[in-house]
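Q: Everything below, folded, please.
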Amino acid sequence: ALWESCTGNLLSANDDYWGSSSNYQSLLTATVNVGQTYYIQVDGWSNQNSGDIRLDIEYTPLTGATSYGSATTNADWEARDINGWTNYVNSVDGTVLLTVNKNGNNLGWLGINSSFTCENKSNTGVSDLGIAGCNAPYSSNIHWWIMNRTWNLNPQTQPSSNVQVRSYYTTTEFNLITNANPDIIQHTDLTHYKTGSEEDLTVAGNECHQMVDPNDYIEYVGQNNDYTYGTFENDHYAQYSISSFSGGGGGGGAQAGGALPIVLLGISVKEVGYANRLDWSTASEVNNDYQSIQKSYDGQTGWIEVGRVAGTNQESGISNYTLLDKQPFGLTYYRLRSVDYDHREEYSGIIQLKRKDASIISRVYPNPTSEILNLEVESLQAESMSYEVYDMAGKLLISKKVQNQKGMNNYQINVRHLPLGVYQLLVKRNDVAEIMRITRT
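A: As a prediction, this is how the structure comes out:
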């Protein structure tokens, strides 16, 4: 029998078989509310010398995925539904973080085994981990747009055979992916993934999945029928098979840009006096409006256009192009952007050039640091200089102009007020700039 604790009302009861039977099963069904306490009453009688009664509570959650942009949500209990799937649930709002069909494996129990955890993270926006974005180590696509949602389950015991998982996402997240990549029309156009190492993009030093070993990265492509798409309440899920949880997690996204609108033969850069010269060649161009060279301090953010040239639109034959960057940085990253008449655009891989006259920074220490960062710069003469600190989104946090003296100059940069994480230190002297990644711990 099932009783409501506050009112004492009997919600459901079942008076079962009175004959002699072994392994007799009875099913009692009732609708319960989140946040309400209930009591389950089990009475039994047996004409045998001994016997036991096992009570299984099977639960069907009433809500779907954790909400978009909800940051970190932890499961605090698990419940098996009537189809044998185990839902890892946040009891505060009844949302499902992950669903697993254990396939007979004993993974342990959430809430009983202290090392068993399950979490889900959803941060706003989408991220481009392709080579035209921030260049994840395992990505060979021009663009690899992913939802900023990941799951992570750490079982007490790893499975000895494959298990099925269902990872959830919202309509809002799907729409963000389709806006980033118009080629995505339906949910089965998505590619879901699992990593065997750090999956969370918010972890310092992993903004582009730098901490993910390419050998531990697994893709589930909808067009290859690697996963099954389904809906739950107003949300969506992908169901796929994994062999272990291995401390990693997964998410979903869409790849695009396997080839440029042009056939690019090569691109190179070299020093020419105080400038950098970019040379590139194409083998064919169709419907190409123009091509432009872009540059960046770090190869990830702050891309600006150096110049552009009109496309020749030769379907056959080689076309050669040259552009001068008359204001290069000390270390400059370049990429080619190609734009068609229908406004579709693609990017080349990234190349870089560190000029011989580029060395500004002599030493930065300690790095990582929790309070003070020492910047050492050697100058051949008295001259003006500036240094700036940016976050990984390109926001300026610290800026100061200084006057160097001839010889070694030391500047102390106070970073104790910055949140823990990775930042960019940009040092500018005359027409040369140098950038270095620093870490606040």
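Q: What number of residues are in the vicinity of the residue nearest to Ser399 when sequence neighbours are not counted?
A: Leaving aside its chain neighbours, Ser399 sits nearest to Glu388 (4.8 Å; criterion: C-beta to C-beta, 6 or more residues apart in numbering). Bear in mind the C-beta positions are built from the backbone N, C-alpha and C, glycine included. By other C-beta atoms under 10 Å, 17 other residues sit near Glu388.
Q: Run through the bridge partners of His143.
A: Ala256 (DSSP bridges).
Q: Was I right to think it contacts Val126?
A: No - look at His143 against Val126 with C-beta atoms under 8 Å: they stay out of range, at 10.5 Å.
Q: the more surrounded of these two?
A: His143 (22 against 19).
Q: Show me what counts as buried in the helix or strand harbouring Trp280.
A: Using DSSP states H and E, Trp280 sits in strand 275-285. Buried residues in strand 275-285, counting neighbours by 16 or more other C-beta atoms under 10 Å, are found at 276-278, 280, 282, 284-285.
Q: Show me the common contact partners of His143 and Val126, please.
A: Ala180 (C-beta atoms under 8 Å, 6 or more residues apart in numbering).
Q: Can you name every helix or strand that the strand holding Trp280 contacts?
A: strand 262-272, strand 288-296, strand 319-325, strand 331-340 (3 or more C-beta pairs under 8 Å, 6 or more residues apart in numbering; DSSP states H and E).
Q: Contacts made by it with the rest, please.
A: Here strand 275-285 has contacts from 261-271, 291, 293, 306, 311-326, 328, 332, 334, 336, 348, 353, 355, using C-beta under 8 Å, 6+ apart.
Q: Return a PyMOL selection command for the buried portion of these.
A: Filtering the contacts of strand 275-285 down to the buried ones (16+ other C-beta under 10 Å) takes a single PyMOL command:
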select buried, resi 261+262+264+267+269+291+293+306+311+312+319+321+323+325+328+332+334+336+348+353+355
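Q: pLDDT value on Ile361, please?
A: Ile361 is assigned 81 on the pLDDT scale.
Q: try the one 3 residues further on
A: On pLDDT, Val364 comes in at 88.
Q: Over to the one 10 residues further on?
A: Among the per-residue scores, Asn374 shows a pLDDT of 93.
Q: What is the neighbour count of it?
A: 14.
Q: On the three-state scheme, it is what?
A: strand (DSSP: H, G, I helix; E, B strand; the rest coil).
Q: Chain neighbours aside, what residue packs nearest to it?
A: Closest to Asn374 by C-beta to C-beta, 6+ apart is Tyr365, at 5.3 Å.
Q: distance of that neighbour from Ile218?
A: Distance, Tyr365 to Ile218, using C-beta to C-beta, to the nearest Å: 39 Å.
Q: Can you pick out the residue with more neighbours from these two?
A: The residue with more neighbours, out of Tyr365 and Ile218, is Ile218; 17 against 10, by other C-beta under 10 Å.
Q: Sheet-wise, list the partners of the one helix or strand Val165 maps to with their directions.
A: Val165 belongs to strand 163-169 when assigned by DSSP H and E. Using DSSP bridges, strand 163-169 pairs in its sheet with strand 95-101 (antiparallel), strand 235-242 (antiparallel).
Q: I'd like to know the average pLDDT value across the first one.
A: Predicted confidence along strand 95-101 averages 92 (mean pLDDT).
Q: and the next element down the chain from it?
A: As assigned by DSSP H and E, the chain's next helix or strand after strand 95-101 is strand 117-128.
Q: Output the contacting helices and strands for that next one.
A: So strand 117-128, by 3+ C-beta pairs under 8 Å, 6+ apart, packs with strand 71-74, strand 95-101, strand 143-154, helix 171-180.
Q: For Ala65, which of those is the nearest?
A: For the helices and strands packed on strand 117-128, proximity to Ala65 was assessed by C-beta to C-beta; strand 95-101 is nearest, at 6.4 Å.
Q: So what touches the closest one?
A: 61, 63-67, 73-75, 84-90, 107, 118-120, 151, 153, 163-168, 232, 237.
Q: before we move on, back to that, the residue nearest to Asn374: what's it in contact with?
A: So Tyr365 contacts 373-374, 376 (C-beta under 8 Å, 6+ apart).
Q: now the residues you listed as a markdown table including distance to Pro159?
A: Shown next, in a markdown table, are those (distance: C-beta to C-beta, whole Å):
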| residue | distance to Pro159 |
| --- | --- |
| Leu373 | 46 |
| Asn374 | 50 |
| Glu376 | 53 |
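Q: and which of these is nearest Ile360?
A: Distances from Ile360 to the contacts of Tyr365, taken by C-beta to C-beta, are shortest for Glu376, at 10.4 Å.
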